[in-house]
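Trainee: Sequence and computational prediction follow.
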2 protein chains.
Amino acid sequence: MTEHAIRKVDNKRVTDFIGLNDHKLRQKRERPGEDMAGFFIGEGVTVIERAMQAGHALLILIINEQFDLSRFGNLPADVEILRCGREVLEAISGRPDLKDPIGSFRRPVETSLSSVIDNSKTLLLTESVQNPTNMGMIMRNAAAFGVDAVCVDSSSCDPLYRRAVRVSMGQVFAVPHVRVNTIPETLEILEEKKFQTVALTPDKAADELQIVLQRETGPIALIVGSEGSGLSQEILDAAQQHARIPMMDNVDSLNVATAVAVALYSVNNCRRSR
Amino acid sequence: MTEHAIRKVDNKRVTDFIGLNDHKLRQKRERPGEDMAGFFIGEGVTVIERAMQAGHALLILIINEQFDLSRFGNLPADVEILRCGREVLEAISGRPDLKDPIGSFRRPVETSLSSVIDNSKTLLLTESVQNPTNMGMIMRNAAAFGVDAVCVDSSSCDPLYRRAVRVSMGQVFAVPHVRVNTIPETLEILEEKKFQTVALTPDKAADELQIVLQRETGPIALIVGSEGSGLSQEILDAAQQHARIPMMDNVDSLNVATAVAVALYSVNNCRRSR
């Protein structure tokens, strides 16, 4: 464990962290092939602890000048501690008085769909869920209700993106996630493996969720769509079932992460009552 | 409908709106007895339309220089339109290029508990839910699942606070809310009216929500607690039943608004399956 005092913004040790709060730039830089592709960020003691417990390698820890390192149970022997002054913290996070530590972790090798399918009873698939807060909440809810893996399509937010990790309260590390090329292609693979594929939709013509779930006894893959427009017609066409959460006529829809929680609760509830 | 072009930040017509994005100050000024107590703010065309449809009086509408007023179906005859330059918009909202209109409405007379009790089947009570985003989501979920009224205690966020209104997508206007003095006092009143009072808790010793709900056939009052610490012991002691949403052992809790959605879904589901 080596510790460095960083007082100047142009110190090379913090170059990669400057402007961490520019969400779009950071997300771009963490995409495959870009310069930050090998890393992800976790913020706060709880999240960083959960990442380490899940086996992720903490490489660099950014802390303020007063931060008490004993708040962490154990830190890896080779972590580099950057104890930063107010000016540096502001350049990194937008906040000179940043309290929460920021950890930079080695990004794990991506989980493959084939490695999670065989032992799964419940999978969740997201189409174009781009908002990191929603993705974080989806991961938190997936963990709470014991989803076996979350499959995100290429237009969905990276579950390991900083804000998603934070909002998930570190629960993103409790559930494997898989990046899939397209949802229709994934549904075909899942159907071959005897999954029932269930698209969630606010469409009043769809059957009620509870009714759909009571018909199914095998593994289930739930599919949810983007915040704005819901699932695309292509995916609705590809799914075996459409299910809606019953709600009042004057309400358009639930937040996507909320709908996920309700649907997963219902899946578990149906299974327990058999 | 009178329209004024506002180019200068010191124009008296916008004095009350300057610094609208200072959340704490604004919340304080809207409390009973303070200078903004008679008003609430709604932002965006959808939210403003929903507020007007719910019968709320739009007094002032703040728009940018390009805003097309025909995006509103109908505007009241006596509304004052303030068409503001970039500098003024920035002083009001923090954003010189603000797109969404801001409406100032007359705050309605508070709904009383006695006026909602008699015809209610489902009430929701919040203890110390202080975060406006959570309050907004709670109101959205309460509307989606047809709650008859939401009772907020004195330490909970005002459901008509700007950010709560926005996050609720204007659904805060679809459900009456009542400010109650204390939850234990309210529970006594509700129990006299034959409500079953059910405290939601992550405590593993509590019965599963579904089990609790299957026992009850009458009106239900669900009680949820703050984001941090959950319900206080005083309220847990005062409630007739404790119910938990079953979740994985390694997850502490759900977000409070998410827990509300799951619980309300479950209440409705139990009722429909009778």
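Mentor: On my side now, so go ahead. Keep in mind the model is a prediction, meaning the values are calculated, not measured. Numbering: from 1, shown residues only, chains lettered A, B, ... in the order given.
Trainee: Can you pull the domain assignment for chain A?
Mentor: A:2-106, A:113-272 (automatic domain parsing).
Trainee: and those as CSV, adding mean pLDDT, mean neighbour count and distance to chain B?
Mentor: The way it works is simple: take the backbone N, C-alpha and C, and place the C-beta from them, glycine included. Formatted as CSV, those follow (pLDDT from 0 to 100; neighbours: other Cβ atoms under 10 Å in any protein chain shown; distance: least, Cβ to the nearest Cβ, whole Å):
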stretch, mean pLDDT, mean neighbour count, distance to chain B
domain A:2-106, 91, 16, 9
domain A:113-272, 94, 20, 4
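Trainee: Take the ones you listed and lay them out in a markdown table including distance to residue B:135.
Mentor: Formatted as a markdown table, the domains of chain A follow (distance: least, Cβ to Cβ, whole Å):
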| stretch | distance to residue B:135 |
| --- | --- |
| domain A:2-106 | 23 |
| domain A:113-272 | 14 |
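Trainee: Residue B:264 is nearest to which of the ones you listed?
Mentor: Across the domains of chain A, residue B:264 has its closest neighbour in domain A:113-272 (8.9 Å, Cβ to Cβ).
Trainee: okay, how far is it across the closest one, tip to tip?
Mentor: Start and end residues of domain A:113-272 are separated by 27 Å (Cα to Cα, to the nearest Å).
Trainee: What of stretch A:125-136?
Mentor: One end of stretch A:125-136 sits 14 Å from the other (Cα to Cα).
Trainee: Please apply the same query to stretch A:31-51.
Mentor: For stretch A:31-51, the first and last residues are 20 Å from each other (Cα to Cα).
Trainee: List the contacts of that stretch.
Mentor: Residues from elsewhere that reach stretch A:31-51, judged by Cβ atoms under 8 Å, 6 or more residues apart in numbering or on different chains: A:16, A:20, A:26, A:28-30, A:56, A:58-59, A:61, A:71-73, A:100-107, A:158, A:160-162, A:165-166, A:169-171, A:173-174.
Trainee: Pull the distance from it to the chain's centre.
Mentor: Remark: stretch A:31-51 is offset 12 Å from the chain centroid, using Cα atoms, centre = their mean, to the nearest Å.
Trainee: what does stretch A:172-180 give?
Mentor: Distance of stretch A:172-180 from its chain centroid, counting by Cα atoms, centre = their mean, is 7 Å.
Trainee: what's the answer for stretch A:80-99, then?
Mentor: The answer for stretch A:80-99 is 25 Å, by Cα atoms, centre = their mean.
Trainee: so where's the longest strand in chain A?
Mentor: Secondary structure of chain A per DSSP state E: the longest strand is strand A:58-64.
Trainee: what pairs with the following helix or strand past it, and is each one parallel or antiparallel?
Mentor: Per DSSP states H and E, strand A:58-64 leads on to strand A:80-84 as the next helix or strand towards the C-terminus. For strand A:80-84, the pairing partners within the sheet under DSSP bridges are strand A:2-6 (parallel), strand A:58-64 (parallel).
Trainee: Now do strand A:80-84: everything it contacts.
Mentor: Outside strand A:80-84, the residues within contact range by Cβ under 8 Å, 6+ apart are A:1-7, A:13-14, A:59-65, A:67, A:69, A:92.
Trainee: give me that answer again for 7 Å
Mentor: Strand A:80-84 is touched from outside by A:1-6, A:13-14, A:59-65, A:92, with contacts defined as Cβ atoms under 7 Å, 6 or more residues apart in numbering or on different chains.
Trainee: Tabulate the strands paired with strand A:80-84 in JSON lines, adding columns for distance to residue A:267.
Mentor: As requested, those are arranged in JSON lines below (distance: least, Cβ to Cβ, whole Å):
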{"stretch": "strand A:2-6", "distance to residue A:267": "47"}
{"stretch": "strand A:58-64", "distance to residue A:267": "34"}
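Trainee: List the residues that contact residue A:19.
Mentor: Per Cβ under 7 Å, 6+ apart, neighbours of residue A:19: residue A:25.
Trainee: swap in residue A:180?
Mentor: Listed by Cβ under 7 Å, 6+ apart, the contact partners of residue A:180 are A:113, A:151, A:153, A:186.
Trainee: Can you tell me the SS state at residue A:178?
Mentor: Following DSSP: H, G, I helix; E, B strand; the rest coil, we place residue A:178 in the strand state.
Trainee: which stretches of the stretch 151-274 of chain A form helices?
Mentor: Along the stretch 151-274 of chain A, counting by DSSP state H, counting those that start in this stretch, helices occupy A:162-167, A:183-192, A:209-215, A:233-238, A:256-272.
Trainee: Just the element for the residue nearest to residue A:59 when sequence neighbours are not counted, please.
Mentor: Nearest residue to residue A:59 in three dimensions, chain neighbours excluded: residue A:104, at 5.2 Å (Cβ to Cβ, 6 or more residues apart in numbering or on different chains). Using DSSP H and E, residue A:104 sits in strand A:102-106.
Trainee: Could you name the helices and strands sitting against that strand?
Mentor: Judged by 3 or more Cβ pairs under 7 Å, 6 or more residues apart in numbering or on different chains; DSSP states H and E, the packing partners of strand A:102-106 are strand A:39-43, helix A:45-53, strand A:58-64.
Trainee: Compute the inter-axis angle for the first one and strand A:58-64.
Mentor: Translated: strand A:39-43. 40 degrees (axes from the mean of the first three to the mean of the last three Cα atoms, to 10 degrees).
Trainee: Each with direction, which strands does strand A:39-43 pair with?
Mentor: According to DSSP bridges, strand A:39-43 has the following sheet partners: strand A:102-106 (antiparallel).
Trainee: contacts for whatever helix or strand comes next after the partner strand?
Mentor: Beyond strand A:102-106 in the direction of the C-terminus, DSSP H and E gives the next helix or strand as helix A:113-117. Identification of contacts with helix A:113-117 by Cβ under 7 Å, 6+ apart yields A:148, A:149, A:151, A:176, A:178, A:180, A:186, A:189, A:193.
Trainee: Please produce a markdown table containing those, extended by distance to residue B:85.
Mentor: Output for those, formatted as a markdown table (distance: Cβ to Cβ, whole Å):
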| residue | distance to residue B:85 |
| --- | --- |
| A:148 | 55 |
| A:149 | 52 |
| A:151 | 48 |
| A:176 | 52 |
| A:178 | 50 |
| A:180 | 48 |
| A:186 | 50 |
| A:189 | 56 |
| A:193 | 60 |
